[in-house]
Every structure is written in structure tokens, then in C-alpha cells.
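*Asks:* no sequence for this one, just the structure:
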């Protein structure tokens, strides 16, 4: 971690813009599979040998941003108690369609109506300890989906997903879930409510591990003049450094194959067949890539001639968009080994439907080499992704080298790819320093492959109204 003085210098100097060669597209940088290839790659996953596999679910933090518009609606109603919210206000829509949400309970909310008193009552009972307290709980324990015979939280849906595509040969599905320490009891209760039943219903065993973001990765906040931000008690404010800090947690995982998917990106079980198929495709492509890279590294160990070096160089360029530039005094075979012998990730990419933020790009490094990278909007001049695809945070990683040893993932982070963001504390503006994002600069020096996946596999819940989308409704009945 950077020292306090180094962090302040980062605020003063900022982070350099990356040298973007072009967006990654199906023409160069994104693999688009035919129907037959999808079947073959999924079958490769089913047959491949792997030293353990794990589903890694980032689930830290409260769901407060999910309810931003609801808090705004409640504030407006409290300011003018007799004035109902306009019909087009997000909070008014929530009250109007309250019965469509899985968390609706008549004994808590009563019968919804459009008058100001009812709106205020519903929002207060949704957000505060007066009712469900969802405004301060983590997304993972919120009720996302209503079935004919049960209601599921987000973490419950992740268990159902995991049993479908992450079982090992012994019938065990392993999950590592990142949480905040203060939420541990809530997660324990949510999982205990369904674990035994799901193990019986699906014939699986779950191995569930919790991991917390290390407080040592928190970063200093500064004021608008880049001086340490002082809280009302005179102490300096340190904040969690974003999802990039989770590279430390990922580095602790012993399993070779890791699937990463955010806690809010789940859908009803009726979409599980397509979700599971494409997860198997990503894992199959990752293992195909692993096996080819390992074969090349063993061939280099045996002594590679010019023909093999040319083949490897062409493979890196055509498959991974890696242009190899040997360092001064470095042989071509050593440069190829340096690029091959790295952690591997295969990232799903969906067609861009106008979602905000960044996506997949080809980047040129200072040494002239190129690679595939996922950029956030703050890393792109103008803040928009001009490419054909969007990053849904659906990726698979291989974390061991060709000798079976764990990679030290901290060696492959690019420290020049962090973020500076504008936040507030106690009503005062501040600047926050975020570490290189987990799937951005924290994985900068990995071997990367982008694969197009269907939009049906991307169903995030960024706001509570997203739960009204078809992927989160019409759940149906679960038999078992």
C-alpha cells in the first residue's frame, strides 16, 4: 500500500491517461462463438482437469445507492407532508407497484395507495429500522425474487447458480463471499435459512467462506486543496479503496479456477439454463487457453526454435491482442515466456445497449507492447465507451502457473490505473482515492480473452426499480 505522503502526491498529480489503441470489437479483441463452438467449449469445461474451483462473489457494502431515489422521495415527503410525489417520480412508482416486489409484505406495508401519507409510510418502512431497514442492509440479504412457493434473497440465488455450474467431482460447490464485518450476522442468517433445503433439493453440498476487505487497504480522503480531510472530531478520514482492494482477498484463494460475478447480477431460476451454459463457456475457454499456454511454456523449457517462437508470437497477437516487444538485452524466447507465464482471465462481454461506463479496449503500454484491458468511464477521455460491447463483470480466472504453483496476484497490478472520485462526508465535499479496480488495473498484467455473451446473462440490480424488469419477475414455481 502507498504511504500517506504517496497518497497525497497521487491526489496532486492524478493518474495518467492510458494509451488506447482502439475499442475491442468482434473484428479484433472479442471472440464471438458459433452455436457449435459454444457446445464444444462447454463440453471442454465438463471434461477438463482443474485443481479446485470457486465462485467469488463481491458483496461488500450496504445497498444505500440502490435506494438513492427512494431516500430522495422520503426527504421530499418529510419536507412537505401533505404533498404527494409526482407520478413520474421513481419513489412514486415503487409505491404504486409495491406488490410486484418480492419484499412486499401486507403486514408491514398495508395496502399501497397514491396519497402522501401512504407514500411516506411505505418508504419509511422500506428504508428504516421502522420496517425492513433495507437502506442500510447489504444487497446480498435483500429479497430479490418471489416464487409461488418461496422468496429468495440475492445470496440465495447465487447458491442456486453455484450448484448448477461450480460443483466439483465430489458434489461440492465452493463460494467465497466478500462482506463487511458488520454484515456477517445478516449473511449467516440469510444462508442458514436456505442452505440445508437447497442441499437437499439440488443434491449438492455448499462450502461457503466469508472474506472481508482489509482495513489496511483503506485510503486517505483529502479536501479540495489536497489536504487530509478532517472529521468533526479532528481525525483524518480513511475510506474503503473500492473493489480494487479485493485483489488481496482474491489472492488468498487456493482453488485454481475462480468465477467472479457481482452480488446484484442474478436473475430468476427460469434463466438459469442460459446463465449456466455461458458460465461453462467462459470457464471452458479459460481452461482451453490455460492448456495451450502451458503447452507453449513446456515447449520453451525444452528449448524453442525460431519456428515455435514465431508460432507463439502469432498466437499472442491474434488471440490475445498481445504485441510482444522484448526489453533491451532480452531474447525473444524470454519475452514470450514473460507474456505467457501470467494469470489468465476470460471476461464475458455483452453488446452495448447504451449502458453508462466503460468496456473492453486494446491498450498500448509504455514499452510498446499491447494488451486487452477493461476500462471504466473515468479512465476514458470524455467518459464514454465508443465500442460495440460493455463489461458486465462476468469473468473467470486461472490462478496457478504451469508448474501448479499459485501466482502472487499482487505482482500483476498496475499502480498507475487507480481512480480519484468526488464524494462527501458529513455534508462536506471530499476527494477519494480508489485502488486499481479488481477487473481493471488490478488485473492489468494478466493474459486476457474477451468472449461475447448474451444480454440475457446480464441482469444487475443497480436501483430497486430494476427488480421490476422481466428477469426478476414471473419467477414461477420451484419444484423439489
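*Replies:* Arrived safely. These numbers come from a predicted model, not from an experiment.

*Asks:* So the chain: which segments form each domain?
*Replies:* Under the assignment automatic domain parsing, the domains of the chain span 4-63+140-472, 70-136.

*Asks:* Mean confidence (pLDDT) on the shortest one, please.
*Replies:* The predicted model assigns domain 70-136 a mean pLDDT of 96.

*Asks:* Throw the domains of the chain into a markdown table and include mean neighbour count, thanks.
*Replies:* To be clear about C-beta, it is placed using only N, CA and C from the backbone, and glycine gets the same treatment. Below are these laid out as a markdown table (neighbours: other C-beta atoms under 10 Å):
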| stretch | mean neighbour count |
| --- | --- |
| domain 4-63+140-472 | 18 |
| domain 70-136 | 16 |
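
*Asks:* Run through the helices of the protein in chain order.
*Replies:* 4-13, 35-47, 68-79, 90-96, 106-109, 116-127, 154-165, 184-192, 195-202, 247-250, 272-301, 306-320, 332-340 (DSSP state H).

*Asks:* who wins for proximity to residue 29 among those helices?
*Replies:* Among those, helix 306-320 comes nearest to residue 29, with 9.1 Å by C-beta to C-beta.

*Asks:* Now tell me what touches stretch 368-376 from outside.
*Replies:* 18, 20-21, 24, 29, 320-325, 339, 347, 357-365, 385, 391, 419, 437, 439-440, 444-445, 448-450 (C-beta atoms under 8 Å, 6 or more residues apart in numbering).

*Asks:* run the last query once more with 6 Å
*Replies:* 24, 29, 321-323, 325, 358, 360-364, 391, 439-440, 448 (C-beta atoms under 6 Å, 6 or more residues apart in numbering).

*Asks:* The residues you listed: which two are farthest apart?
*Replies:* Across these, the longest distance by C-beta to C-beta is 26.5 Å; it joins 325 and 391.

*Asks:* low pLDDT regions in the stretch 301-450 of the chain?
*Replies:* Applying pLDDT under 70 to the stretch 301-450 of the chain flags residues 354-358, 382-386.

*Asks:* residue boundaries of the strands in it?
*Replies:* Listed in chain order, the strands of the stretch 301-450 of the chain (DSSP state E, counting those that start in this stretch) span 344-351, 359-364, 370-375, 389-390, 394-398, 419-425, 428-434, 447-452.

*Asks:* The last one to strand 370-375, inter-axis angle?
*Replies:* Between strand 447-452 and strand 370-375, the angle formed by their directions is 60 degrees, by axes from the mean of the first three to the mean of the last three C-alpha atoms, to 10 degrees.

*Asks:* Given strand 447-452, what are its sheet partners and their directions?
*Replies:* strand 30-31 (parallel), strand 344-351 (parallel) (DSSP bridges).

*Asks:* now do the second one
*Replies:* Note on strand 359-364: by DSSP bridges, its sheet partners are strand 19-23 (antiparallel), strand 370-375 (antiparallel).

*Asks:* related to what we said a few turns ago, what is the nearest of the contacts of stretch 368-376 to residue 270?
*Replies:* Nearest to residue 270 among the contacts of stretch 368-376 is residue 391, at 25.2 Å by C-beta to C-beta.

*Asks:* Report the contact partners of that closest one.
*Replies:* 359, 374.

*Asks:* Can you report phi and psi for it?
*Replies:* Backbone torsions of residue 391, given as degrees, to the nearest 10, read phi -90, psi 110.

*Asks:* Would you mind measuring from residue 16 to residue 416?
*Replies:* 6 Å (C-beta to C-beta, to the nearest Å).

*Asks:* ditto for residue 445
*Replies:* Applying C-beta to C-beta, the value for residue 445 to residue 416 is 12 Å.

*Asks:* now do residue 137
*Replies:* The value you get for residue 137 to residue 416, if C-beta to C-beta is used, is 36 Å.

*Asks:* now residue 312
*Replies:* Counting by C-beta to C-beta, the gap from residue 312 to residue 416 is 28 Å.

*Asks:* cool, residue 52 as well?
*Replies:* Noted for residue 52: a distance of 33 Å to residue 416, by C-beta to C-beta.

*Asks:* Correct me if wrong: residue 409 contacts residue 251.
*Replies:* Yes: shown here, residue 409 and residue 251 form a contact pair, counting by C-beta atoms under 6 Å, at 4.3 Å.

*Asks:* With adjacent residues omitted, what lies nearest to residue 12?
*Replies:* Leaving out its chain neighbours, the residue that sits closest to residue 12 by C-beta to C-beta, 6 or more residues apart in numbering is residue 226, at 5.4 Å.

*Asks:* try residue 131
*Replies:* Per C-beta to C-beta, 6+ apart, closest to residue 131 is residue 125, 2.8 Å.

*Asks:* what residues are up against the one you found?
*Replies:* Contacts of residue 125 (C-beta under 6 Å, 6+ apart): 108-109, 131.

*Asks:* 8 Å - rerun?
*Replies:* Under the criterion of C-beta under 8 Å, 6+ apart, the neighbours of residue 125 are 108-109, 131-132.

*Asks:* So what's the predicted local confidence for residue 16?
*Replies:* With respect to pLDDT, residue 16 scores 88.

*Asks:* Can we start the residue count at 745 from this point?
*Replies:* OK, 745 is where the count begins now, so the last one is residue 760.

*Asks:* mind checking how far it is from residue 999?
*Replies:* Applying C-beta to C-beta to residue 760 and residue 999 gives a distance of 35 Å.

*Asks:* And the nearest residue to residue 868 once chain neighbours are set aside, how far from residue 854?
*Replies:* The spatially closest residue to residue 868, leaving aside those adjacent along the chain, is residue 874, at 5.4 Å (C-beta to C-beta, 6+ apart). Counting by C-beta to C-beta, the gap from residue 874 to residue 854 is 13 Å.

*Asks:* what's the answer for residue 760, then?
*Replies:* From residue 760 to residue 854 the distance is 56 Å (C-beta to C-beta).

*Asks:* same question, residue 837
*Replies:* Distance, residue 837 to residue 854, using C-beta to C-beta: 18 Å.

*Asks:* Residue 881 now?
*Replies:* According to C-beta to C-beta, residue 881 stands 21 Å off from residue 854.

*Asks:* Need the nearest residue in space to residue 986, chain neighbours excluded.
*Replies:* Spatial nearest neighbour of residue 986, chain neighbours left out: residue 1178 (3.5 Å); criterion: C-beta to C-beta, 6+ apart.

*Asks:* who's in contact with that neighbour?
*Replies:* Residue 1178 touches 963, 985-986, 988, 1162-1165, counting by C-beta under 8 Å, 6+ apart.

*Asks:* returning to that earlier point: looking at the contacts of stretch 1112-1120, which one is closest to residue 1007?
*Replies:* Closest approach between the contacts of stretch 1112-1120 and residue 1007, by C-beta to C-beta: residue 1183, at 14.7 Å.

*Asks:* pretty sure that closest one contacts residue 1140?
*Replies:* No: under the criterion of C-beta atoms under 8 Å, residue 1183 lies out of contact with residue 1140, with a separation of 11.3 Å.

*Asks:* now the residue lying farthest from the centre of the chain: how far from residue 1171?
*Replies:* In the chain, counting by C-alpha atoms, centre = their mean, residue 826 sits farthest out from the average C-alpha position, at 41.9 Å. Residue 826 is 27 Å from residue 1171, where distance means C-beta to C-beta.

*Asks:* Can you give me the distance of residue 860 to residue 1071?
*Replies:* To residue 1071, residue 860 is 68 Å away according to C-beta to C-beta.
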